[in-house]
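>>> Make a model of this:
(chains A, B, C and D)
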2 protein chains.
Amino acid sequence: MNIKQAAEMFDLTVDTLRYYERVGVIPPVHRNENGYRDYTTSDLNWIYLVKNLRNAGLSVESLIEFATLAQFRETQNVEEAQKQVLRDQLKELNEKLAEMNRVRDLLVYKIETYDEHIAKFKTGEMNSENVEKLWERKSD
Amino acid sequence: MNIKQAAEMFDLTVDTLRYYERVGVIPPVHRNENGYRDYTTSDLNWIYLVKNLRNAGLSVESLIEFATLAQFRETQNVEEAQKQVLRDQLKELNEKLAEMNRVRDLLVYKIETYDEHIAKFKTGEMNSENVEKLWERKSD
DNA sequence: TCTTTCCTTGGAGTTTACTCCAATGTTTAT
DNA sequence: ATAAACATTGGAGTAAACTCCAAGGAAAGA
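I've put the predicted structure just below:
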């Protein structure tokens, strides 16, 4: 499968796919005689996992760590090392989930109470002067 | 309370606090006779909420939308409009949570099965050539 | 064959969210 | 009174993660 098809498959751009390969988020993809990338099922599986982990908020850097780990550890236990990285990322993810659940509860509380500190804006202390660039509509 | 104390209270820098005010994430803070900011409890409550929502992954842009909404709607129902924005952010948050839960399940599955596409790295297809900048250790 | 559409690379540009700096003024400590 | 430690602003710089571009080669359709 060529790069365009692979990109479409995961709703990524070809640039992103090349970028991921360049920085080491996904392993080097095999090329045909003209140097064109030819994505295998294995490659597509990688991309699928990477896309999911990125969506979940994991950094490109930690995905690179996962992807390159095997090369830089002089260990017999590459598989175990890699599984450990996945476990680390799972732990990260679980922590993020816990934090987000906490914030959701806070938000629910704020909506229910709509308390004084939210009502501050009613006093007109907020104005367009205060807004640097977004919603550029000064005095219309 | 001065800006340094406020920053310390939430483990933010004074620059970040000024930045938030400048772009409209928090309302303008009252100044004393010399133009120094003096944070009220209301301001601190704002900062607390903002910090939490940022931690949960909401963008600065959407926080600005929340903060400035009241000014740009010629509505009597400012409170209702603001509550609606909070509800929208809650919805966003819930969607993110659902997605992250899904990814967590995927990760658990990958760890359990450690399947073929992860094992690809064992073949040595990954090398330092592939790693652009991180872990800069080309043949040491 | 020619035009369109793909592919390659290296490198430059963009966006988001800060983060730092210079120049300058104020408050606090010695 | 003078130094240290605060404060202010406008604007420049930075890191992460793309995103775009130029120059050129390859493949597929009319």
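>>> quick one: the strands in chain A?
For chain A, strands defined by DSSP state E do not occur.
>>> Spell out which parts of it neighbour DNA strand C.
A:2, A:3, A:4, A:5, A:14, A:18, A:31, A:35, A:36, A:37 (Cβ under 7 Å from any atom of the strand). (Each C-beta comes from the backbone N, C-alpha and C, glycine too.)
>>> same thing but at 10 Å, please
Counting by Cβ under 10 Å from any atom of the strand, chain A comes close to DNA strand C at A:1-8, A:14-15, A:17-19, A:21-22, A:28-29, A:31-32, A:34-39, A:132-134.
>>> Show me which of those residues are buried.
Burial by neighbour count, 16 or more other Cβ atoms under 10 Å in any protein chain shown: within these this picks out A:3, A:6, A:7, A:17, A:21, A:29, A:37, A:39.
>>> Any chance of JSON lines for those, columns pLDDT?
Output for those, formatted as JSON lines (pLDDT from 0 to 100):
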{"residue": "A:3", "pLDDT": "97"}
{"residue": "A:6", "pLDDT": "97"}
{"residue": "A:7", "pLDDT": "97"}
{"residue": "A:17", "pLDDT": "97"}
{"residue": "A:21", "pLDDT": "96"}
{"residue": "A:29", "pLDDT": "95"}
{"residue": "A:37", "pLDDT": "97"}
{"residue": "A:39", "pLDDT": "96"}
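>>> of all those residues, which comes closest to chain B?
Of all those, residue A:21 has the smallest distance to chain B: 7.3 Å, by Cβ to the nearest Cβ.
>>> on that earlier part again, which of the buried ones among the residues of chain A next to DNA strand C come close to chain B?
Counting by Cβ under 8 Å from any Cβ of the partner chain, residue A:21 from these sit close to chain B.
>>> ok, the buried ones among the residues of chain A next to DNA strand C vs DNA strand D, which is closest?
residue A:17 (9.0 Å; Cβ to the nearest atom of the strand).
>>> Averaged pLDDT, stretch A:103-111. What do you get?
Here stretch A:103-111 scores 90 as its mean pLDDT.
>>> how about it, does it reach chain B?
Yes. Contact of stretch A:103-111 with chain B (Cβ under 8 Å from any Cβ) involves A:103, A:104, A:106, A:107, A:108, A:110, A:111.
>>> If any of the residues you listed are buried, put those into a ChimeraX selection.
Those of the residues of stretch A:103-111 next to chain B that count as buried under 16+ other Cβ under 10 Å are selected in ChimeraX with:
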select /A:103,104,106,107,110,111
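>>> Next step: the residues of stretch A:103-111 next to chain B restricted to helices.
If you go by DSSP state H, the residues of stretch A:103-111 next to chain B have A:103, A:104, A:106, A:107, A:108, A:110, A:111 in helices.
>>> show me what contacts residue A:40?
A:1, A:29, A:30 (Cβ atoms under 8 Å, 6 or more residues apart in numbering or on different chains).
>>> Phi and psi next, for the last one.
Main-chain dihedrals, residue A:30, degrees, to the nearest 10: phi -60, psi 140.
>>> Quick check: closest non-adjacent residue to it.
Spatial nearest neighbour of residue A:30, chain neighbours left out: residue A:38 (5.5 Å); criterion: Cβ to Cβ, 6 or more residues apart in numbering or on different chains.
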